[in-house]
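Undergrad: What follows is a predicted structure for the sequence shown.
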Amino acid sequence: MSRLRKLLIPGVDTKLLVKDAVKAMPDLTRRRFIAGGASLGALTMLTGCDVTDSFSADAMLTQISKFNDAVQAKLFNPNTLAPTYPESAITNPFPFNAYYGLDDAPDIDGKGWKLEVRGLVANKKPWTLDELYKLPMEKQITRHICVEGWSAIGSWTGVRLSHFLQLIGADTRAKYCWFQCADMDGYNSPLDMATALHPQTQMTFKFGDQILPRAYGYPMKIRVPTKLGFKNPKYVISMEVTNDYKGGYWEDQGYNSFSGS
Ligand SMILES: Nc1nc2c(c(=O)[nH]1)N[C@H]1C(S)=C(S)[C@@H](COP(=O)(O)O)O[C@H]1N2
Ligand SMILES: [Mo]
């Protein structure tokens, strides 16, 4: 963990906080937490507590010490739904985040854009935005949790990824859906198939009922409320169904690929 990340929250040494939390956890939870990457983001996801100062860090530790294994086994179950929230809970303005500033975010022309589909799928036809907009959409208001120690609630509308995988005749016995993005130096991320098929995993086209703005990934992002923020690729240009682990931007820098609930 870099020095910057360690001191991201004033008055809280996040590395020590994660260490203390691990000590307070029951065995099963601890094992799964460590296997999942043991990050502050994962802690936030687990407890629902947002650490902004040393007071909330204490509250988080108190909450963890009250956990029992049964509660945790349920929380870490891949079939569990991420909590949803009312419109009034939406964070406004919702933060922009990437490994660069907003000025350098991809500026994609939706008319020329096509989603490329590759790998273990029956139909590899690329999809235009108009074609994708015709698919059945649903809205979710869920919490996005960044491994760097912040979280925010947003409203995302789009197509279930599981529905799309079915439409293109994807081999869902494959291990991963691997997404590539339009960022200048590349950004990509593998998603395990169980999560790709999760009912809340979405190909997202709208944020707050409006066409997805450039900041949040126009024309399409993958919204995965059961995973940390970096497993939610924006500016997606292609999707590959594959058995090969192809790595990812943050995964290659040491973040755990599972990174989620
Ligand atoms: N293409 C792309 N997707 C990305 C990133 C990125 O740098 N490029 N950053 C990730 C990280 S670390 C976070 S926290 C979220 C931020 O999404 P937001 O800007 O909608 O808040 O996008 C994720 N997806
Ligand atoms: Mo993030």
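TA: Great, that's in hand. Numbering: from 1, shown residues only. Ligands and ions are numbered 1, 2, ... in the order given.
Undergrad: counting contacts, what elements does the longest strand that the chain contains pack onto?
TA: The single longest strand within the chain, with elements called by DSSP state E, is strand 150-160. Packing partners of strand 150-160 (3 or more C-beta pairs under 8 Å, 6 or more residues apart in numbering; DSSP states H and E): strand 138-146, strand 202-207. Bear in mind the C-beta positions are built from the backbone N, C-alpha and C, glycine included.
Undergrad: isn't residue 181 right up against residue 230?
TA: No: with contact defined as C-beta atoms under 8 Å, residue 181 does not reach residue 230; the gap is 11.6 Å.
Undergrad: For the protein, what lies in contact range of ligand 2?
TA: Residues of the chain found near ligand 2 (C-beta under 5 Å from the ion) are 146, 229-230.
Undergrad: Quick one: low-confidence residue ranges for the stretch 151-261 of the chain.
TA: Along the stretch 151-261 of the chain, segments meeting pLDDT under 70 span 260-261.
Undergrad: At which residues are the helices of it located?
TA: Remark: helices assigned in the stretch 151-261 of the chain by DSSP state H, counting those that start in this stretch are 161-167, 193-196.
Undergrad: per-domain residue ranges of this protein.
TA: As assigned by automatic domain parsing, the chain contains the domains 14-75, 87-253.
Undergrad: Would you tell me which of the ones you listed gets closest to residue 81?
TA: Closest to residue 81 of the domains of the chain, according to C-beta to C-beta: domain 87-253, at 6.1 Å.
Undergrad: TSV for the helices and strands packed on strand 150-160, including mean neighbour count?
TA: Formatted as TSV, these follow (neighbours: other C-beta atoms under 10 Å):
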stretch	mean neighbour count
strand 138-146	20
strand 202-207	23
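Undergrad: Redo those strands as a markdown table? Include distance to residue 171.
TA: Below are those laid out as a markdown table (distance: least, C-beta to C-beta, whole Å):
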| stretch | distance to residue 171 |
| --- | --- |
| strand 138-146 | 25 |
| strand 202-207 | 18 |
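Undergrad: Residue 24 is nearest to which of the helices of the stretch 151-261 of the chain?
TA: Short answer: helix 193-196, nearest of these by C-beta to C-beta, at 27.3 Å.
Undergrad: For ligand 2, what's its nearest residue on the stretch 51-200 of the chain.
TA: Among all residues of the stretch 51-200 of the chain, residue 146 sits closest to ligand 2, at 3.3 Å; criterion: C-beta to the ion.
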